[in-house]
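Chemist: next input, structure requested:
(2 chains)
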Amino acid sequence: MNLNNDEYAKRIAVLERKVAREKKARNLAENQLEKYSLEIYETNQSLQKSLAFSKRKQAELAYLGQASIEVASEQSLNELMAQTVSLTGKFADAACGFYLVTDRSEFVDKENVQVWQGDNSWRSDIDFVMQTSQVLPLNQKEPFESWLVSPVDDVTFECKNDYKWITYTNFSLLNNRVAWIVFFSSAEYIDEETLYVLETSRTHLLSGIRKRLTDVKILKRTVQLQDTVSSLEQAKRQLVQSEKMASLGQLAAGVAHEINNPIAFIHSNMQVLQDYLNDYKELDTQIRKYLATDQIFDQAAYDSLCESIEFSYIQEDSELLLNTNLEGLDRVKEIVENLKSFSHAGDQKFSEISLYECVEAALKIAWNSLKYDHQVENNLDVADSIVLGNLGQLQQVFVNLFINSAHAMEGGGQLSISQTLLPDSIIVHVTDCGSGMDQDTVNKLFTPFFTTKPVGVGTGLGLSISYAILEAHSATIEVDSILGKGTTFNITFPLI
Amino acid sequence: MKGIVFVKFNEFVEELWGEEFWDELLDEAELTSEGAYTTVGSYDDQELFSLITLIVEKKSISSKDAQFAFGKWVFKELYNAAPPGVHDFKDVFEFLHAVQDFIHIEVKKLNPDALLPEFEFLSESATQLSFHYQSPRKLCYFCEGLVRGLAEHTEQKVIVTQSECEHEGDKRCVLEVEKI
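Modeler: Sure thing, here's the model as predicted:
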């Protein structure tokens, strides 16, 4: 390139300016880079801070979460306290810690107090616990409302360890007892943030303790209730039995009559039979006389003897009397058997029974109340009325209903027992054409001690007990009654 | 505007008209930055427009041609400086979509304060693509040049025109790219 001096000078000037610009640009770029570096450094610092903060928060959340799980768990109060000590000790980076229970400033079960260690193990160290717990304000009656922290320097106990801080709180339990949680820390200072978190978990723990104490109360009450229920059951059984006996007492006159009748005729029959036996003996004596005196004892003589004592009638009548007596005795036997099954306290065992037979047995007991003025129809089916039940109890129910019906039909009438068979149940209808009841009476029908009968006639317990018995049989009872027309009791039994 | 545009513009002018011309431009333009551009800095948009105006005066070319030429030239420069992943596109249309969907997002990550144009695609066929170029800088001619530079890179022949242009009195700029 051929350039003259001016051109050279110009070229140099251009290049010099370019170099100056480049230099300036470079400085700018370097400054910018320094700025960037600083920004990166600062960003890094703040990121590290954020990370540490996040980690801290994460640990706090993990601690609070775990503490909540422990509080919400089913574990006992003791287990919860132990879990809380180890969990909190670990979170707060404590050197050791323990919990204990005091009763009016005296230790409860101090031999079993365990000391939690930083390595998450537990050891027995009564000396340590006794020594360190001296600094706790055990006489304080009101529980604290937060954690308390005090430096160990102020504490007048000899401790081999270089513990610097003691952190503690307490909770009131039942019966003036107080639970204490105590931690020792070797750290130079206690982090305020940690205390906030401990405070939160303390509130949690408090609610957990309250819940468990309430549970204990509820448990006690439940046991009491169960006791009450079983003594009520016992009382109910006794009541059922005594009502049965009471109605039996009322029935006694009728039943006695029922037994007395056959006994009376059996007795008179026996007297007649005794006479007949004497006649037999007389016949025997006469025959022997004949044979002793060598008189001719022929057919005519025998017939004459028989004639004299009406022997053929005696024979005929004896047979009749014996049969009547046997029948009478059978009746007595039956009545007594039914009474036995009725009055028997029995167990609560259920077996397959026929409602027909049950009704028949009940009718026999109530027979005296019905036989004079009433017609009775038992239309139950022998085979189709099989249910699972207690014969004696159901008999009691039916006796009750029949006696009531008899009372309702004072001037006589018809009592009919019929059934309706459904796919899975059977309804027994006990219908009378008696006086009927108004709605008010029907409403009170199954109320204990409610009776329309005169004083001394009814206990007022019959139907209420019947109701209880039927309930135990999963049976239901309903009443249809029209005043002046009659009443029908509908009892529905589940079929087997 | 990012420093890289100024640095590349400097290179473009020096390559085309020499260092003396660039020196002359700076001397007359009296810019705040005094032309000491670095890629790590950001500079006033107006500096670029002042420089272009001076070139238009001195070289008697239109502003449109100046912008177009710079756009076409600078494409390969920017392409080489682009982050990895950009270099997989082999088609003009595909690349233009990628600018909107991918490249500008990457740019934003590195330069959160960067002001980038928006492409709104209006219609597309196998051979024709039309999109709405939106930028407060109104550098639609520069954009046309960039598309041409792109086509050179992908070794495709395209015609780039504007069916609507704000500089022609329209309400918006619509670029039409046709493969031939």
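
Chemist: residue contacts, A:His374?
Modeler: A:406, A:409, A:412-415 (Cβ atoms under 8 Å, 6 or more residues apart in numbering or on different chains). Heads up, the C-betas are built off the backbone N, CA and C, glycines and all.

Chemist: just the buried ones among those, please.
Modeler: A:406, A:409, A:413, A:415 (16 or more other Cβ atoms under 10 Å in any protein chain shown).

Chemist: max pairwise distance over the residues you listed: which two?
Modeler: A:Ala406 and A:Gly413 (9.1 Å; Cβ to Cβ).

Chemist: and B:Val40, which of the three is it?
Modeler: coil (DSSP: H, G, I helix; E, B strand; the rest coil).

Chemist: give me the distance between it and A:Thr132.
Modeler: Distance from B:Val40 to A:Thr132, counting by Cβ to Cβ, to the nearest Å: 64 Å.

Chemist: neighbour-wise, which of these two wins?
Modeler: A:Thr132 (22 against 18; other Cβ atoms under 10 Å in any protein chain shown).

Chemist: need the pLDDT of A:Lys164.
Modeler: The model reports A:Lys164 with a pLDDT of 85.

Chemist: who's in contact with it?
Modeler: By Cβ under 8 Å, 6+ apart, A:Lys164 lies in contact with A:151-153, A:185-188.

Chemist: could I get the phi/psi values of it?
Modeler: When quoted as degrees, to the nearest 10, the phi and psi of A:Lys164 stand at phi -110, psi -30.

Chemist: and the gap between it and A:Val152?
Modeler: 6 Å.

Chemist: skipping adjacent residues, who's closest to B:Lys90 in space?
Modeler: Closest residue to B:Lys90 apart from its sequence neighbours, by Cβ to Cβ, 6 or more residues apart in numbering or on different chains: B:Thr154 at 5.9 Å.

Chemist: for stretch A:72-82, what is the distance to the chain centroid?
Modeler: Offset of stretch A:72-82 from its chain centre (Cα atoms, centre = their mean, to the nearest Å): 26 Å.

Chemist: same question for stretch A:68-86.
Modeler: 29 Å.

Chemist: near chain A, anything from the strand or helix carrying B:Lys108?
Modeler: Under the criterion of DSSP states H and E, B:Lys108 resides in helix B:104-110. No. Judged by Cβ under 8 Å from any Cβ of the partner chain, helix B:104-110 stays clear of chain A, getting no closer than 11.7 Å.

Chemist: show me what that helix is in contact with.
Modeler: Residues beyond helix B:104-110 that count as contacts (Cβ under 8 Å, 6+ apart) turn out to be B:83, B:85-86, B:114, B:116.

Chemist: just name the closest of those residues to chain A, please.
Modeler: Nearest to chain A out of the contacts of helix B:104-110 is B:Ala114 (Cβ to the nearest Cβ; 15.4 Å).

Chemist: you'd agree A:Glu60 is up against A:Val197?
Modeler: Yes. Taking contacts as Cβ atoms under 8 Å, A:Glu60 lies within contact range of A:Val197: 4.8 Å.

Chemist: who has more neighbours, these two?
Modeler: Each of A:Glu60 and A:Val197 has its neighbours counted (other Cβ under 10 Å); A:Val197 has more, 21 against 18.

Chemist: element containing that one?
Modeler: Judged by DSSP H and E, A:Val197 forms part of helix A:192-292.

Chemist: hmm, who's touching the following helix or strand past that helix?
Modeler: Moving toward the C-terminus from helix A:192-292, the next helix or strand (DSSP H and E) is helix A:299-308. Here helix A:299-308 makes contact (Cβ under 8 Å, 6+ apart) with A:283, A:286-287, A:290, A:295, A:311-312.

Chemist: possible to save the residues you listed as JSON lines with pLDDT, distance to chain B and neighbour count?
Modeler: Converted to JSON lines, those look like this (pLDDT from 0 to 100; distance: Cβ to the nearest Cβ, whole Å; neighbours: other Cβ atoms under 10 Å in any protein chain shown):
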{"residue": "A:Leu283", "pLDDT": "88", "distance to chain B": "141", "neighbour count": "17"}
{"residue": "A:Gln286", "pLDDT": "87", "distance to chain B": "146", "neighbour count": "18"}
{"residue": "A:Ile287", "pLDDT": "87", "distance to chain B": "145", "neighbour count": "14"}
{"residue": "A:Tyr290", "pLDDT": "83", "distance to chain B": "150", "neighbour count": "15"}
{"residue": "A:Gln295", "pLDDT": "75", "distance to chain B": "155", "neighbour count": "10"}
{"residue": "A:Phe311", "pLDDT": "86", "distance to chain B": "138", "neighbour count": "17"}
{"residue": "A:Ser312", "pLDDT": "87", "distance to chain B": "136", "neighbour count": "10"}
